[in-house]
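In: Build me a structure from this.
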Amino acid sequence: MRPVTPSAALAEVVGNKPMPRTEVTKKLWAYIKKNGLQDKKNKRQINADAALKPIFGGKASVSMFDMTKMVSKHLS
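Out: Below is the predicted model:
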């Protein structure tokens, strides 16, 4: 896997070193689980905290499927 570089907003969550996309996903899910950001009733919804809101385009909550699309915009 080719390493990708996270944007400044995404780097606050996963770190700023270039890493494979799979590693970005692992770190993002670890952050979501550690901070209890998965919706209690609908596990497919991810609730944004202050660090995730810029990544989610300012939305308070996104589905896990939309999240992958939004995170892709923050990788180069």
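In: Give the helix, strand or coil label for the residue positioned nearest the centre of the chain.
Out: Nearest to the mean C-alpha position of the chain, by C-alpha atoms, centre = their mean, lies Leu28 at 4.6 Å. Look at Leu28: counting by DSSP: H, G, I helix; E, B strand; the rest coil, its state is helix.
In: The chain should start at 509 in everything you say after this.
Out: In the new count, where the first residue is 509, that last one comes out as Leu536.
In: in terms of contact, does it touch Ala519 like I think?
Out: No: judged on C-beta atoms under 8 Å, Leu536 makes no contact with Ala519 at a distance of 11.6 Å. C-beta: built from backbone N, CA, C; applies to glycine.
In: Please list all residues in contact with Ser515.
Out: By C-beta atoms under 8 Å, 6 or more residues apart in numbering, the contact set of Ser515 is His582, Leu583, Ser584.
In: Read off the pLDDT value for the last one.
Out: Listed pLDDT for Ser584 reads 93.
In: What is the burial count for it?
Out: 8 (other C-beta atoms under 10 Å).
In: Relative to Leu518, how far out is it?
Out: Going from Ser584 to Leu518 by C-beta to C-beta, to the nearest Å gives 10 Å.
In: and if you look at the second one?
Out: Separation of Leu583 from Leu518 (C-beta to C-beta): 7 Å.
In: so what sits against both of these two?
Out: What both Leu583 and Leu518 touch, as defined by C-beta under 8 Å, 6+ apart, is the set Val532.
In: Show me which of these two is the more surrounded one.
Out: A side-by-side neighbour count of Leu583 and Leu518, using other C-beta under 10 Å, places Leu518 first with 24 against 16.
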